[in-house]
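Chemist: requesting a structural model of the entry that follows:
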Amino acid sequence: MKKAAVVINLGSPKSTDVKDVKEYLGEFLMDDHVIDFPKWARTLLVKGIILNTRPKKSAEAYKTIWWDEGSPLIVLSQRLISKVRKHTKIPTYLAMRYAEPSIQQTLKVMTEEIPNLEELYVVPLYPHFAMSSYETVVDRVKEVAAKDFPELKLTFKEPWYDDDDYIKVLSSIIKETLPEDHHLMFSYHGIPVRHVKKSDCTGQHCYKVNDCCSVVSEAHKVCYKHQTAVTTKLVAAELGLEDGTYETSYQSRLGRDAWIQPYTAQRFEELAGEGKKKLAVVCPAFVSDCLETLEEINEEGKEDFLHNGGEHFQPIACMNDRDDWSALLGKWISEWKR
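Modeler: Model (predicted):
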């Protein structure tokens, strides 16, 4: 039986030109997994308002982090896949949820290069479940396969937020970078509260039960806030961190709706006043460094923290194309249906 694997990351604009950034943002924000409004309202918001103002500002932000080789996220993802291929005999490809190489383009190439391909292992590069990240990848792959490759059997890697080996890799990165006397912030990408409630498969748990992230529930299988809390807890245990020396927060809020809290941006303003004047920040929801880590955290976040009384800011890199991470990803692919 002929098998292959595809690893799928977020995506990036083709360049820092406003036109390319606008095209990318349009595809991203018009995804109903990201902005889950009725189509008419989403279209009015995105095409009538956001795309008339945001692309220019975002293009300037991308320019501050762009590499000679291109988008950091794309370059790092390509490097990762090159290394992963050394750890598995299963043909492994790279796709992006938005922009290029698209899922549709990649599946077409795969089926051309592997005639009679029968099974596909899909690895969304998101450790945690969220409708705007993991779920949108799964749904898009299913949509493309059903339309163009109906005979292809799909298997999806489940979220791996509590995988022992993943926790060890993430902990190793932190251990290598974290100065002894720094407070550690786990800054995850934020999502609207309504997304958490909407994903609740029980309809009766998230934000309805006191301390819902700690009370055992089937909802936790698809609860982003619970899963991020678990990642923080497991890494803290692996590193032997003491209570009060670390915290969890959520970044990248868009719009005025309530998002899961605490907000990273607000914590940057508060921490020094609480006596935490030396700060290290890790962003576990991001597998690859990108605009949200390199610019939002490492540049804007650092500036805000220091402006509000902070003394030292230490960014911690994502897993990117580390050898231990590429080996683990290759192991997961190799162990699929062994």
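Chemist: where's stretch 320-334 relative to the chain centroid, distance-wise?
Modeler: Taking C-alpha atoms, centre = their mean, to the nearest Å, the mean C-alpha location of stretch 320-334 is offset from the chain mean by 17 Å.
Chemist: check which residues of that stretch are buried.
Modeler: By neighbour count with 16 or more other C-beta atoms under 10 Å, stretch 320-334 contains the buried residues 320, 321, 322, 325, 326, 327, 328, 329, 330, 332, 333, 334. To be clear about C-beta, it is placed using only N, CA and C from the backbone, and glycine gets the same treatment.
Chemist: per-residue confidence at residue 91?
Modeler: Turning to residue 91, the model gives it a pLDDT of 97.
Chemist: show me what contacts it?
Modeler: Residues in contact with residue 91 (C-beta atoms under 8 Å, 6 or more residues apart in numbering) are 3, 4, 5, 110, 113, 114.
Chemist: what's the neighbour count on the spatially closest residue to the first one that is not a sequence neighbour?
Modeler: If I follow you right, that is residue 3. With C-beta to C-beta, 6 or more residues apart in numbering as the criterion, residue 3 has its nearest non-adjacent residue at 4.5 Å, and that residue is residue 119. Around residue 119 there are 16 other residues, counting by other C-beta atoms under 10 Å.
Chemist: cool, residue 310 as well?
Modeler: Each residue near residue 310 was counted by other C-beta under 10 Å, and the total is 22.
Chemist: what do you get for residue 337?
Modeler: Counted with other C-beta under 10 Å, residues neighbouring residue 337 total 10.
Chemist: re earlier: keep only those of the contacts of residue 91 that are in strands.
Modeler: Residues of the contacts of residue 91 located in strands (DSSP state E): 3, 4, 5.
Chemist: where does the residue nearest the centre of the chain land in three-state SS?
Modeler: For the chain, the residue sitting closest to the mean C-alpha position, by C-alpha atoms, centre = their mean, is residue 286 at 3.9 Å. Here residue 286 is recorded as coil under DSSP: H, G, I helix; E, B strand; the rest coil.
Chemist: test my guess that it contacts residue 296.
Modeler: No: Residue 286 is beyond contact range of residue 296, at 10.4 Å (criterion: C-beta atoms under 8 Å).
Chemist: who are the contact partners of residue 232?
Modeler: Contacts of residue 232 were listed using C-beta under 8 Å, 6+ apart, and they are 186, 246, 248, 284.
Chemist: cool, and residue 156?
Modeler: Applying C-beta under 8 Å, 6+ apart, one finds that residue 156 lies in contact with 122, 123, 124, 138, 141.
Chemist: partner residues bridging the third one?
Modeler: When bridges are assigned using DSSP bridges, the partners listed for residue 124 are residue 8.
Chemist: show me where the stretch 201-338 of the chain has its helices.
Modeler: For the stretch 201-338 of the chain, helices defined by DSSP state H, counting those that start in this stretch occupy the ranges 224-239, 264-270, 302-307, 323-335.
Chemist: tell me how far the longest one lies from the chain's centre.
Modeler: Its chain's C-alpha centre and that of helix 224-239 lie 15 Å apart, by C-alpha atoms, centre = their mean.
Chemist: kindly report the same for the third one.
Modeler: Remark: helix 302-307 is offset 24 Å from the chain centroid, using C-alpha atoms, centre = their mean.
Chemist: what is the burial count for residue 143?
Modeler: Residue 143 has 12 neighbours, counted by other C-beta under 10 Å.
Chemist: state the distance from the nearest residue to residue 251 once chain neighbours are set aside to residue 40.
Modeler: Leaving aside its chain neighbours, residue 251 sits nearest to residue 264 (3.9 Å; criterion: C-beta to C-beta, 6+ apart). Going from residue 264 to residue 40 by C-beta to C-beta, to the nearest Å gives 32 Å.
Chemist: which one of these two has more residues nearby?
Modeler: For residue 264 versus residue 40, neighbours defined as other C-beta under 10 Å are more numerous around residue 264 (26 against 8).
Chemist: so what's that one up against?
Modeler: 185, 187, 190, 249, 250, 251, 297, 301.
Chemist: pull out the buried members of these.
Modeler: Counted by 16+ other C-beta under 10 Å, the contacts of residue 264 give 185, 187, 190, 249, 250, 251, 297, 301 as buried.
Chemist: and of those residues, the nearest to residue 210?
Modeler: Using C-beta to C-beta, residue 250 is the member of the buried ones among the contacts of residue 264 that sits closest to residue 210, with 20.3 Å.
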